[in-house]
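**Q** got a predicted structure here, sequence first:
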Amino acid sequence: MAARGSAKSSSAVEKSPATTVDPHEEPSAEWGWHGGFPVGTRVAGWVGAFAVFAMLIGNHEGHTEDLWLLVIGSAMVVGLIWDQVRRRTSWRR
């Protein structure tokens, strides 16, 4: 009888998944892997910011375009730096 009790308790102590996603809240969970690309998103942000600043090179007659490109590119860089700082100090807040 003791063998049955130990077998029952060992089957109850199975490893459960760390995070589970409810398919009703996230329909894409039924398709398989469900997550994000945090590193890929940051890399794409830096590549995009570089591309915006690279657009400053060109045959612009006026400097209105340059001003918009500088503002948008600077906002992207500030957002990326803010995201990096927030990720490093998230446990302090």
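**A** It's in. Numbers count the residues shown, from 1 in each chain.

**Q** where does pLDDT dip in this protein?
**A** Scanning the chain for pLDDT under 70 picks out the ranges 1-35, 90-93.

**Q** remind me, longest helix of it?
**A** Ranked by residue count and defined by DSSP state H, the top helix of the chain is helix 64-88.

**Q** what's it in contact with?
**A** Arg42, Gly45, Trp46, Gly48, Ala49, Val52, Phe53, Met55, Leu56, His60 (C-beta atoms under 8 Å, 6 or more residues apart in numbering). Every residue, glycine included, has its C-beta placed from N, CA and C.

**Q** mind listing the helices for the chain?
**A** Using DSSP H, helices in the chain cover 2-12, 38-54, 64-88.

**Q** turn these into JSON lines, including mean neighbour count.
**A** Shown next, in JSON lines, are the helices of the chain (neighbours: other C-beta atoms under 10 Å):
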{"stretch": "helix 2-12", "mean neighbour count": "8"}
{"stretch": "helix 38-54", "mean neighbour count": "13"}
{"stretch": "helix 64-88", "mean neighbour count": "13"}
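
**Q** hang on, the earlier thing: what's the angle between the longest helix of the chain and helix 38-54?
**A** 160 degrees (axes from the mean of the first three to the mean of the last three C-alpha atoms, to 10 degrees).

**Q** how near is Ala54 to Gly48?
**A** 10 Å (C-beta to C-beta, to the nearest Å).

**Q** can you check Glu65 too?
**A** With C-beta to C-beta as the criterion, Glu65 and Gly48 are 17 Å apart.

**Q** same question, Gln84
**A** 15 Å.

**Q** over to Val39?
**A** Applying C-beta to C-beta to Val39 and Gly48 gives a distance of 15 Å.

**Q** and Val77, by the same measure?
**A** In terms of C-beta to C-beta, Val77 sits 10 Å off from Gly48.
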